[in-house]
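*Asks:* My questions concern the predicted model and sequence given below.
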Amino acid sequence: MRYNDNFSSRVLAYIPLHYGKEYLRQAIQAVENHVEKIVILYTDKPSQGFANQSQCPESEQELREIASLSSKVQWVRGEWGHESHHRSYIYQFAKDYDQILALDADEVWDEQSLVQCLEQASKTGKKYVGITGFVNFWKSFNHACYDGFAPIRIINVKVENQEQEFIPGKVYHFSCAQSYKIIKYKLEVTGHRDEIRKDWLTEIYLKWTPQNNLQDLHLTSVGLWNAVPFDKTTLPEILKQHPNYHKDAIY
């Protein structure tokens with residue numbers, strides 16, 4: 001069911017996908033009741049400017065089986081040389097829609113917040129709408145980091161200007177609460193690879209514990225992230241059922 005049946009915007013969601021099976025199902029579940037279609041733009045090669053140094057730990061078949069659990073998913077396979085090309089390919093499917101909802105495979109929306117943000121975004125009169133309020137989980141569901149970043153996640157398709165607006169929302173982000181093999185692989189292929197702080201993986205990510213509570217945790221920015229306790233009992237049911245929910249640390 002939708003949280004606001006009076007809001008009638010036609011919404012197309014999409015996920016640019018290369019890896020991300022740990023939270024892909026939950027990312028889809030959180031939005032599927034509030035959009036008409038979810039396009040998965042899958043590539044078996046990284047699209048953020050760096051080629052594979054090692055084999056991707058996840059196969060297309062694994063990811064496709066997860067995505068196929070939703071009847072709203074359309075699987076599109078391709079190759080894109082840059083992240084912007086990968087993301088902008090969604091416009092091939094968007095001409096009949098009012099809004100595009102972008103999400104990554106490790107982003108799980110709070111459903112009520114999603115509907116509120118879609119409606120609020122539609123009233124801004126701006127083309128691109130960034131979302132503040134990401135909850136960036138750190139190594140488990142028990143700790144999270146916060147920042148003021150506002151990635152563009154909603155596009156008003158029929159608005160002609162190129163202006164931006166930023167609105168508050170609630171998105172559970174698991175970029176740093178995934179298996180070690182995925183964290184390691186991500187560092188090899190991310191478009192921010194050259195910006196990653198020296199020895200971040202060994203000296204910060206692997207060394208942090210709740211007991212030593214190391215500070216200044218962000219991959220690329222200094223003085224930004226500190227992990228604070230998070231009450232995971234407040235999470236939506238789809239995340240309480242996740243295999244990582246009861247883990248003190250995710251490896």
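*Replies:* Now that the structure is in, tell me what you want to look at.
*Asks:* Provide a list of residues in contact with the residue lying closest to Ile204 once chain neighbours are set aside.
*Replies:* Once flanking residues are discounted, Ile204 sits nearest to Leu217: 5.9 Å by Cβ to Cβ, 6 or more residues apart in numbering. Glycine gets a C-beta too; all of them are placed from N, C-alpha and C. By Cβ atoms under 8 Å, 6 or more residues apart in numbering, the contact set of Leu217 is Trp138, Cys145, Cys176, Ile204, Tyr205, Trp208, Leu224, Trp225, Asn226, Ala227.
*Asks:* Could you do Tyr172 as well?
*Replies:* Contacts for Tyr172 (Cβ under 8 Å, 6+ apart) come out as Glu107, Val108, Trp109, Asp110, Val135, Phe137, Leu235, Leu239.
*Asks:* what about it, distance to Ser122?
*Replies:* 23 Å (Cβ to Cβ, to the nearest Å).
*Asks:* what does Cys56 give?
*Replies:* Cys56 sits 37 Å away from Ser122, going by Cβ to Cβ.
*Asks:* quick one, phi psi at the residue nearest to Ile204?
*Replies:* phi -100, psi -10 (degrees, to the nearest 10).
*Asks:* Relative to Asp147, how far out is it?
*Replies:* In terms of Cβ to Cβ, Leu217 sits 11 Å off from Asp147.
*Asks:* what sits in contact with each of those two?
*Replies:* Common neighbours of Leu217 and Asp147 (Cβ under 8 Å, 6+ apart) are Leu224, Trp225.
*Asks:* Out of the contacts of Tyr172, which sit inside helices?
*Replies:* Using DSSP state H, the subset of the contacts of Tyr172 located in helices is Leu239.
*Asks:* need the strands for the stretch 101-250 of the chain, in chain order.
*Replies:* Secondary structure of the stretch 101-250 of the chain, counting by DSSP state E, counting those that start in this stretch: strands at 107-109, 128-138, 143-145, 152-156, 164-176, 228-229.
*Asks:* Tell me where the model's unsure across the stretch 101-250 of the chain.
*Replies:* Scanning the stretch 101-250 of the chain for pLDDT under 70 picks out the ranges 191-192.
*Asks:* follow-up on the earlier one: which one of the strands of the stretch 101-250 of the chain lies closest to Gln92?
*Replies:* Gln92 lies closest to strand 152-156 among those, at 13.8 Å (Cβ to Cβ).
*Asks:* ok so, going back, could you dump the contacts of Tyr172 to a markdown table with distance to Ile38 and neighbour count?
*Replies:* Listed next are the contacts of Tyr172 as a markdown table, based on distance: Cβ to Cβ, whole Å; neighbours: other Cβ atoms under 10 Å:
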| residue | distance to Ile38 | neighbour count |
| --- | --- | --- |
| Glu107 | 13 | 23 |
| Val108 | 14 | 29 |
| Trp109 | 12 | 26 |
| Asp110 | 17 | 20 |
| Val135 | 22 | 17 |
| Phe137 | 23 | 27 |
| Leu235 | 22 | 19 |
| Leu239 | 18 | 21 |
